[in-house]
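Engineer: Any chance you can model this:
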Amino acid sequence: MRMPDASGMGGALRILVLSNFYPPFSIGGYELGCHDIVEHLSARGHEVCVLTSSYGVDRPRVEGDVYRQLSIRTGACRRSLLSLLKFELRDQGLLKRLLRELCPDAVVVFNLSNVSHGILLTLQRTGALVVFAFSDQWLQMEYPGDPWLNLWTRKAVHSWKQAIKRPLRRAIDLLTPVGVEPIEVRHAFFTSRRLKELYIARRFPVESAGIIHWGVDTDRFRPRDRLGHSGVPKLLFAGRIHPEKGPLTAIEALGHIKESGELGDALLSIVGPIQDDGYFKRIEDAIGQFRLQKNVRFMGKLPRDSMPDVYREHDIFVFPSVWEEPFSIALLEAMASGLAVVGTTTGGSGEVLEDYVNALTFRAGDSHGMASRMGELLADSSLRMRLSANARRTVLERFDLQKMVDRIEGYIREVVELREE
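Structural biologist: A predicted model of the protein is given here:
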């Protein structure tokens, strides 16, 4: 299906959004992107409701059009069959009630990691029009992350248990889905070409799905006046402190520069939540090993409202991601804010960063390569200025928030209209 470049001129749409987490109680950047889309679609006159988990609140509650009521699940969950069934029936009931009350033209699914995947099967059974907005590798054919569906799809150890399981599964499936049918993905778009390739490799039939890259608010994320700026450039890492994000590579790179005697008073600010205590300990050990205590500061997780100012206080954005990064919103925010970027091109990042055009790039996990590129930026102000200007221009031309919402709005409207024909 073609992907429209802008929205149509039809009436307001009723849209139900499903997301595992939703700001201000978010973990990664993709929930922030979901929030941006919801806010802008609502501002355009569409009726948008969000069904999300109760993560971050003391008990399930409703906040205007945001229903923080779904229960949290994990693959390591060890609840009993009856306990899992109770939660499943409760969440299915929430979904069905919202479908009745809202009567949405479309249900847009962003990410259901750690919440019920059975919701997707219920949506299929009700005949709801579902649009998948894929921004992460959360959906798999065998439901490995869903304890309820995994209970029914994995084979029992003993043959007698398997014999009992079959009729029990058929009976319970009349109450709530147990994964006896695959999840259908008829309408979808991806935030990067690389992410789409990964889903195709998982045997999802999404070859015709379009690409709608994330966008950011270029008025909110804008450069500071850098005229007359002097002193040592300030570096920034913004992201989860987790192995896949690679901040340890940045610390080691700083250490290599210091060993060469060229680091001086350069300062790296690290913004983001600690998600792996063992990995954070390795970072602390590396800081001690290279004697970087005066060159690194941890700022913790900051509210998103403060991030525009944080970006403007820095000069260089370090992006050492080592995993198949679907598409980084923080990277776009930094580029829109006029920071020169030194980063990897893993995953969707390769669709943004061009070496010596709008960034300096290096191989993932290569601390010496990163040190070489960081050293270039620290030493050459004219290179920083050129990459900074090109980074900002890249976002203005290709990753503007309003243009992204135009395309998403247009795509939802198109699939709704096709269904009505």
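
Engineer: low-confidence ranges in the stretch 1-150 of the chain?
Structural biologist: 1-9, 74-78 (pLDDT under 70).

Engineer: With residue 278 as the reference, measure out to residue 22.
Structural biologist: In this view, residue 22 and residue 278 are 29 Å apart by CB to CB, to the nearest Å. Backbone N, C-alpha and C define where each C-beta goes, glycine included.

Engineer: Compare neighbour counts for those two and give me the winner.
Structural biologist: residue 22 (25 against 7; other CB atoms under 10 Å).

Engineer: Just give the nearest non-adjacent residue to that one, would you?
Structural biologist: residue 52 (4.1 Å; CB to CB, 6 or more residues apart in numbering).

Engineer: how would you label the one you found: helix, strand or coil?
Structural biologist: strand (DSSP: H, G, I helix; E, B strand; the rest coil).

Engineer: Which stretches in the stretch 251-400 of the chain count as helices?
Structural biologist: 277-289, 307-312, 329-336, 367-379, 381-398 (DSSP state H, counting those that start in this stretch).

Engineer: In a markdown table, list those helices along with mean pLDDT and distance to residue 116.
Structural biologist: Below are these laid out as a markdown table (pLDDT from 0 to 100; distance: least, CB to CB, whole Å):
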| stretch | mean pLDDT | distance to residue 116 |
| --- | --- | --- |
| helix 277-289 | 98 | 29 |
| helix 307-312 | 96 | 32 |
| helix 329-336 | 97 | 26 |
| helix 367-379 | 96 | 41 |
| helix 381-398 | 97 | 36 |
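
Engineer: and of those, who's closest to residue 132?
Structural biologist: helix 329-336 (18.5 Å; CB to CB).

Engineer: Can you pull out the residues in contact with the closest one?
Structural biologist: The contact list for helix 329-336, computed with CB atoms under 8 Å, 6 or more residues apart in numbering, reads 29-30, 32-33, 214-218, 221-222, 236, 238-239, 307-308, 311, 317, 319, 341, 343, 349, 352-353, 358, 391-392, 394-396, 399.

Engineer: do that again at 7 Å, thanks
Structural biologist: Around helix 329-336, the neighbours that count as contacts under CB atoms under 7 Å, 6 or more residues apart in numbering are 29, 32-33, 214, 216, 218, 221-222, 238-239, 307, 311, 317, 319, 341, 343, 349, 352, 358, 391-392, 394-395, 399.

Engineer: same check, this time on stretch 363-381
Structural biologist: Residues contacting stretch 363-381 (CB under 7 Å, 6+ apart): 233, 246, 249-250, 252-253, 256-257, 262, 266, 316, 320-322, 340, 342, 344, 346, 360, 362, 383-384.

Engineer: What residues of that stretch count as buried?
Structural biologist: Judged by neighbour count using 16 or more other CB atoms under 10 Å, the buried positions of stretch 363-381 are 364-367, 369-378.

Engineer: Same question for stretch 206-213.
Structural biologist: Buried residues in stretch 206-213 (16+ other CB under 10 Å): 206, 209, 211, 212, 213.

Engineer: OK, contacts around the closest residue in space to residue 27 that isn't next to it in sequence?
Structural biologist: If you skip the residues right next to it in sequence, residue 27 has residue 21 as its closest partner in space, 5.6 Å away by CB to CB, 6+ apart. Taking CB under 7 Å, 6+ apart, we find residue 21 in contact with 27, 31, 52, 53, 55.
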